[in-house]
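> build me a model:
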Amino acid sequence: MSTVGLIASNETKGNNKSSFFAKNQKLMMAAGAIGCIFLVSAFLPDDPATNTDDGLRGFQKAVQVVEGEEPVLDFLELEPEPVLDMQEAKVDLEPLLLDLTAFDHCPSVDPVVPMPKDEWTTKPIWFPHFHHSMPEHLDEKLVNPITRTVSGAKDFYTSAPGLHQCVSDTQTVTCNNIHPKVDMDIDSQYDNFYSKYIFFVRNPMMAIPSSHNSKLNRFHSVVGQTPENDWQSVRDGWVKPMFVQWKNSIMAWRDSKYELGMYLIYEDLMDVHRGPKVLKEMAQLFDEAGFDAEQDEEAIKCIWYNSIGRENILNHEKMLGHEYHEYIPGFREEHKDFFKKELDKFLKEIKGTDEMLETLLARYKSRIDLKIRIEV
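Residues are numbered from 1 along each chain as shown. The predicted structure follows:
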């Protein structure tokens, strides 16, 4: 017997009027639930494998930022989220329900023949990010193959014979930097760089512990993820000042002479559906700037897969956006409240000036509210 039939059969044993009401109440609840699903579907993009722009704008339909009020989030996720045991930070890698078979055919990257210096007239593109929150060498893994360059991605602070502040004997595509954490007077160099920049951004809930860990990896010989008690010992003194720096890194470039080329959103880059389309957007910007950038969609998909790597794709899903493997960094309840309050303030400050950033900040606030790991 069907579920509805079983309900109806059981109800007839009681009072007829009560039975009729109870049965119809259940049916009305079921109909209401179905109606909600159809209503939510109206807010979702037609294609779940939507690109970054379309994906964010689809999200925008469900986000309302009202002056003096918290952003209203009517967006419902229909796919189940990973469940995190808040008392246990250790997470073992397990097979996930991610279908990566579409990338099985991807060949390894072919070696590149560098272009002679007298054949290129391009200008480097600034590639800023908050205080080493970009995984080390990620820019090289993305930029070099997509632009067919040997060392197109360079670091502003690296010097070597023939290389100083991203100016080199080899063609420079992007110039990685952490301005304004290290002030570089970027406006004075306007004539030497492309007029648009790419800003790498990620949720501050992930960016702040990543920045701490990256600093230890790069400058203090720590290998892999720092012990959890080390993160806990610095966390209380880090969260508030590091959030200020996270925000300032965005605002410093917004207030510069340069124009935003794109936000490279880390969470989208690591997503199996959006990631290749993020890379396609980068390739289009590189092409606009005069670089010999790959434009074939299938080739871009393979570059994305080879650059990110299967293990990192799976680990990103398992670790809820963190790039390390051992534990998910926890916070205190007061940190969660601080993040939400400061993101609300940031939203009000930029209201009406940057639709993409408004949507992204609301999205980050929602993610923090749902997924931050609170320690007892």
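> my guess is Phe243 meets His335, correct?
No - using C-beta atoms under 8 Å, Phe243 makes no contact with His335, being 9.2 Å away. Yep, even glycine has a C-beta here, placed from its N, CA and C like the rest.
> quick one: the helices in the chain?
3-11, 16-41, 52-60, 138-147, 204-219, 228-254, 266-269, 275-288, 297-308, 310-318, 333-350, 355-371 (DSSP state H).
> how about CSV for these, with mean neighbour count added?
CSV is the format used below for the helices of the chain (neighbours: other C-beta atoms under 10 Å):
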stretch, mean neighbour count
helix 3-11, 13
helix 16-41, 12
helix 52-60, 19
helix 138-147, 22
helix 204-219, 21
helix 228-254, 16
helix 266-269, 22
helix 275-288, 21
helix 297-308, 19
helix 310-318, 16
helix 333-350, 16
helix 355-371, 19
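> so which of these is nearest Glu119?
Nearest of these to Glu119, taken as C-beta to C-beta: helix 138-147 at 14.1 Å.
> could you give the angle of that closest one to helix 310-318?
120 degrees (axes from the mean of the first three to the mean of the last three C-alpha atoms, to 10 degrees).
> can you tell me what sits against helix 138-147?
For helix 138-147, the surrounding residues in contact (C-beta atoms under 8 Å, 6 or more residues apart in numbering) are 109, 112, 127, 149-153, 173-174, 176, 200, 279, 282-283, 286, 291-294, 300, 303-304, 306-308.
> wait, what's in contact with the residue positioned nearest the centre of the chain?
When C-alpha atoms, centre = their mean is applied to the chain, the residue found nearest the centroid is Glu267 (2.1 Å). Glu267 makes contacts with Arg202, Asn203, Gly321, as judged by C-beta under 8 Å, 6+ apart.
> so how far is Lys240 from Ser307?
Applying C-beta to C-beta, to the nearest Å, the value for Ser307 to Lys240 is 34 Å.
> look up phi and psi at the closest residue to Tyr364 other than its chain neighbours.
Spatial nearest neighbour of Tyr364, chain neighbours left out: Asn203 (4.7 Å); criterion: C-beta to C-beta, 6 or more residues apart in numbering. Asn203 has phi and psi values of phi -50, psi 130 when expressed as degrees, to the nearest 10.
> tally of neighbours for Asn203?
A count of nearby residues for Asn203, using other C-beta atoms under 10 Å, gives 25.
> quick check, it in contact with Ser366.
No - counting by C-beta under 8 Å, Asn203 stays clear of Ser366, with 10.2 Å between them.
> which residues of the stretch 51-200 of the chain fall in strands?
63-64, 72-73, 125-128, 153-155, 163-164, 167-168, 174-177, 196-201 (DSSP state E, counting those that start in this stretch).
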